[in-house]
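Chemist: Have a look at this fold, sequence not included:
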């Protein structure tokens, strides 16, 4: 008997609603961009020329005009770039790879979008960061810890966050978020 | 304990890994014949002060930066935080072989 193998995502396209919290799995194309030392002084200008928007400061992210490409600055010499549309990857990355060190990381991450009016309450129980609007505005993007798991948290709107964690522990991470959501439902 | 990261602001100590006395960045140069006393002192002997102490902290669950944190070991008050690279550049009279 022929067996067909088909690809799946770490959470098989999760969609769940728990009280006032909605969880959706998202699967952006993710690339890590490391800056060679000799490019340190040209980072801003090269990114601007290729992406057509300004680079963010450390701990923040910037979007292109259509909000389909997000550039995150993790540290002085490292960026992440997230593509909503796979069709936009080649055009941008073919240019960036001429100047920077690129690592394709899409398969290494699981993405969970948490939204709804209780998303903040859900996350404040498992995230050590101050997520209040005053200190964590829209487009803030930082790495931190939730339970025992490494997470990149991005605030996408006033009531939604994109959480990226290791795909190898996707279900453990989902369990942490779901448990917190259930506790406040 | 909250560590004020130079770039990322106040961060919980759970995001960091403690890597020991900041003196570890000043590893003796290995020359022949090896001076075992020097390496013994480097590896095992610490001042262990009750008060201000310079320590290495690695931001493992953050931006992966190495910091030198000056912490009061009696009160846990954080007195100063700087990148390890900046700390080293301010110690020009001492050579790092790490």
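Modeler: Structure received. None of the values given here were measured: they were computed from a predicted structure.
Chemist: Check which helices and strands the longest helix seen in chain B sits against.
Modeler: Identified as the longest helix of chain B according to DSSP state H is helix B:36-44. Helices and strands touching helix B:36-44, as assessed by 3 or more C-beta pairs under 8 Å, 6 or more residues apart in numbering or on different chains; DSSP states H and E, are absent. For glycine as for every other residue, the C-beta is placed from the backbone atoms N, C-alpha and C.
Chemist: mean confidence score for that helix?
Modeler: Taken as a whole, helix B:36-44 carries a mean pLDDT of 93.
Chemist: can you list contacts of that helix?
Modeler: B:23-24, B:26-28 (C-beta atoms under 8 Å, 6 or more residues apart in numbering or on different chains).
Chemist: Put the buried members of those residues into a PyMOL selection.
Modeler: Under the burial definition 16 or more other C-beta atoms under 10 Å in any protein chain shown, those of the contacts of helix B:36-44 that qualify are selected in PyMOL by:
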select buried, chain B and resi 23
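Chemist: in which helix or strand would I find the residue in chain B sticking out farthest from the centre?
Modeler: No residue in chain B sits farther from the centre than residue B:33, which is 28.3 Å out by C-alpha atoms, centre = their mean. Taking DSSP states H and E as the definition, residue B:33 sits outside all helices and strands.
Chemist: Roughly how far does it sit from chain A?
Modeler: Note on residue B:33: its distance to chain A, by C-beta to the nearest C-beta, to the nearest Å, is 36 Å.
Chemist: what residues are up against residue A:13?
Modeler: Residue A:13 sits in contact with residue A:25, where contact means C-beta under 8 Å, 6+ apart.
Chemist: and it, helix, strand or coil?
Modeler: coil (DSSP: H, G, I helix; E, B strand; the rest coil).
Chemist: likewise residue A:112?
Modeler: strand.
Chemist: Next up, the contacts around it.
Modeler: By C-beta under 8 Å, 6+ apart, the contact set of residue A:112 is A:11, A:14, A:23-26, A:162-163, A:165, A:173-174, A:177.
Chemist: quick one: which helix or strand includes residue A:46?
Modeler: Assigned by DSSP H and E, residue A:46 falls in helix A:43-51.
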